[in-house]
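*Asks:* Kindly return the folded structure for what I paste below:
(one chain, ligands or ions: 1)
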Amino acid sequence: MKPPTRVNHPPAVSMPPDNRPLVAPIYSSVKFTFDSVAESERESRGQREGFQYSRVANPTLRQLELTLAELQGRDGCLLTASGVAAANLAMLSLCKQGDHVLMFAEMYQPTRYMIRRVLSRYGIAHTMLSIEDVDGIERTLAERPTRMIVFESPTNPVLKVASLERMTAAARAHGALTLLDNTFAGFHNHGQFDIDIFAHSLTKYASGHGDVMGGAVIARSELIGAMRTDSVILGATLDPHAAFMIQRGLKTYPLRYERQCANALRIATVLEAQPQVARVSYPGLASHPQHALAVRQMHEFGAMVTVELHEDAARFSEALKLFAISASLGSTESLVWPGRLINPRDFSAQERQWAGISERTARLSIGIEDVDDLLADLHQALTSGTASK
Ligand SMILES: Cc1ncc(COP(=O)(O)O)c(C=O)c1O
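*Replies:* I've put the predicted structure just below:
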């Protein structure tokens with residue numbers, strides 16, 4: 001072969017079947033080939049295993065899909081380019097014009113935006129309640145045919161806990177699908193409940209290092225099958241390099257999450273006793289309104305701690321030295337996000353009260369650092385009068 005031909009047809013290197021890489025390679029290839037048209041055709045018809053085009057399926061993504069489905073206790077998974085793309089895919093794919101969706105004031109702002117501003121343009125109606133209003137949820141489902149309930153537990157950012165048993169029983173009784181954004185609780189939580197669809201941001205605890213974005217929809221294979229073609233056509237596919245990073249991050253997910261939760265419980269307990277702190281919201285504290293529910297539903301209580309201070313949380317956030325002021329959560333280093341940056345502008349007075357966010361709110365994402373160092377930093381920030389970052 002002449003050079004221009006050779007560089008486009010490099011020598012193939014095949015691995016002997018008894019000589020495998022310990023870590024699966026990144027299948028960066030967008031295209032996969034077959035030796036014959038007939039085999040390519042059989043693959044397209046689902047008559048044989050294989051891959052054709054990475055937006056449709058890719059071996060690196062497949063390994064991550066299988067891992068995540070198993071962790072969450074379901075048999076199907078679709079990967080997306082971000083966490084919001086995962087929840088959006090489930091909503092867009094499973095809802096149609098004329099449907100009604102039940103949503104909550106206590107949830108991630110972009111999910112609210114998607115339902116209120118985007119789905120509404122396509123004729124999908126919604127009702128917004130407080131996640132604490134379990135009677136209201138049951139009443140709404142009884143009164144109005146509902147296609148989907150979209151919710152979080154614990155909620156972002158004030159960490160309210162949804163009653164999963166009552167929610168799923170009511171949904172089942174009235175033929176509604178449940179879509180739980182399970183990012184805060186993690187893959188090892190909530191699988192035992194009758195939840196139809198889990199959405200996760202893999203940008204957070206799954207990858208764990210704040211250096212890659214991704215999302216996953218996890219459900220029984222029949223529901224995943226119903227979303228698969230839409231997913232391929234909508235095109236928010238995860239890149240194989242990102243999938244590799246997330247698969248690598250997952251190796252330490254149980255260790256990181258356990259350590260982060262232990263740190264969070266200790267920090268929540270100490271903060272609750274501080275005079276500068278008006279309230280600590282952490283499901284692991286006996287003072288949390290849904291503590292008993294959290295004990296029944298979760299293995300541990302998560303790595304987010306939200307505090308209500310007696311002062312504007314901006315000064316406190318700026319005074320912290322180990323907690324970076326940053327959006328997002330779930331990485332190894334601790335972060336703080338003050339209420340002024342969270343405070344949603346799309347709320348009515350009632351919704352604002354349900355959401356429970358003010359300028360005195362600070363959301364802490366607890367990392368894996370030494371907890372005594374974190375406590376010392378929190379103490380100095382609470383007691384220092386002026387910003388010192
Ligand atoms: C609960 C929750 N769901 C989804 C997302 C969105 O994730 P991503 O940024 O990967 O789209 C976030 C991001 O903060 C989140 O907190």
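*Asks:* so who does the closest residue to residue 288 other than its chain neighbours touch?
*Replies:* Closest residue to residue 288 in three dimensions, ignoring its sequence neighbours and counting by CB to CB, 6 or more residues apart in numbering: residue 282, at 6.2 Å. No exception for glycine: its C-beta is placed from N, CA and C like everyone else's. Listed by CB atoms under 8 Å, 6 or more residues apart in numbering, the contact partners of residue 282 are 159, 264, 265, 268, 288, 301, 302, 304, 305, 306.
*Asks:* unless I'm mixing things up, the last one is touching residue 281, no?
*Replies:* Yes. The criterion here is CB atoms under 8 Å, and residue 306 meets it with residue 281 at 4.3 Å.
*Asks:* Now flag whichever of the contacts of residue 282 is closest to the ligand.
*Replies:* When the contacts of residue 282 are compared for distance to the ligand (CB to the nearest ligand atom), residue 304 comes out closest, at 9.0 Å.
*Asks:* I'd say the closest one and residue 155 touch.
*Replies:* No. Contact between residue 304 and residue 155 fails when scored by CB under 8 Å: they sit 9.9 Å apart.
*Asks:* Common neighbours of residue 306 and residue 281, please.
*Replies:* Between them, residue 306 and residue 281 share these contacting residues under CB under 8 Å, 6+ apart: 158, 159.
*Asks:* quick one: low-confidence ranges for the chain?
*Replies:* 386-389 (pLDDT under 70).
*Asks:* What residues does it have near the ligand?
*Replies:* With CB under 6 Å from any ligand atom as the criterion, the chain meets the ligand at residues 82-84, 108, 152, 156, 181, 183-184, 201, 203, 213, 215, 328.
*Asks:* now for the residues you listed, which pair is the farthest apart?
*Replies:* Pairwise distances among those were taken by CB to CB; the largest, 18.7 Å, belongs to 152 and 213.
*Asks:* More neighbours: which of those two?
*Replies:* residue 152 (25 against 22; other CB atoms under 10 Å).
*Asks:* beta partners for that one?
*Replies:* Listed beta-bridge partners, residue 152: residue 181 (assigned using DSSP bridges).
*Asks:* Strands of the stretch 51-200 of the chain, start to end?
*Replies:* 76-80, 100-104, 125-129, 148-152, 177-181, 197-201 (DSSP state E, counting those that start in this stretch).
*Asks:* The last one pairs with which strands, and in what direction?
*Replies:* Looking at strand 197-201 with DSSP bridges, its paired strands and their directions are strand 177-181 (parallel), strand 215-219 (antiparallel).
*Asks:* So what touches the last one?
*Replies:* The reference is to strand 215-219. Surrounding strand 215-219, the residues in contact under the criterion CB under 8 Å, 6+ apart are 64-65, 68-69, 72, 74, 76-87, 89-90, 187, 196-203, 206, 224, 227, 231, 238.
*Asks:* Which ones among the residues you listed lie within helices?
*Replies:* By the criterion of DSSP state H, membership of those in helices covers 64-65, 68-69, 72, 83-87, 89-90, 224, 227, 231.
*Asks:* Of those, just say which sits nearest to the ligand.
*Replies:* Relative to the ligand, and with distances defined as CB to the nearest ligand atom, the nearest of the ones in helices among the contacts of strand 215-219 is residue 83, at 2.5 Å.
*Asks:* Give me the distance between that closest one and residue 213.
*Replies:* Residue 83 sits 8 Å away from residue 213, going by CB to CB, to the nearest Å.
*Asks:* again, but for residue 100
*Replies:* With distances defined as CB to CB, the gap from residue 100 to residue 213 amounts to 31 Å.
*Asks:* Next: residue 230.
*Replies:* Per CB to CB, residue 230 is found 21 Å from residue 213.
*Asks:* cool, and residue 108?
*Replies:* Where residue 213 is concerned, residue 108 sits at a distance of 15 Å (CB to CB).
*Asks:* next one: residue 29
*Replies:* Residue 29 sits 21 Å away from residue 213 when distances are taken as CB to CB.
*Asks:* same thing with residue 298?
*Replies:* Taken as CB to CB, the span from residue 298 to residue 213 is 25 Å.
*Asks:* do the same with residue 225
*Replies:* Residue 225 sits at a distance of 25 Å from residue 213 (criterion: CB to CB).
*Asks:* Over to residue 171?
*Replies:* From residue 171 over to residue 213 the distance is 30 Å, taken as CB to CB.
*Asks:* Equivalent analysis for residue 25, please.
*Replies:* Between residue 25 and residue 213 the distance, using CB to CB, works out to 21 Å.
*Asks:* cool, and residue 65?
*Replies:* The span separating residue 65 from residue 213 equals 17 Å under the rule CB to CB.
*Asks:* Next: residue 138.
*Replies:* Counting by CB to CB - residue 138 and residue 213 are separated by 36 Å.
*Asks:* for residue 329, same thing?
*Replies:* Going from residue 329 to residue 213 by CB to CB gives 13 Å.
*Asks:* and the end-to-end length of stretch 175-191?
*Replies:* 20 Å (CA to CA, to the nearest Å).
*Asks:* Please spell out which residues along that stretch are buried.
*Replies:* Taking 16 or more other CB atoms under 10 Å as the neighbour-count basis, stretch 175-191 is seen to contain the buried residues 176-190.
*Asks:* same question, stretch 91-108
*Replies:* The neighbour-count check on stretch 91-108 (16+ other CB under 10 Å) flags 91-95, 99-108 as buried.
*Asks:* what's the answer for stretch 202-222, then?
*Replies:* Counting neighbours by 16+ other CB under 10 Å, stretch 202-222 gives 202-208, 210, 212-219 as buried.
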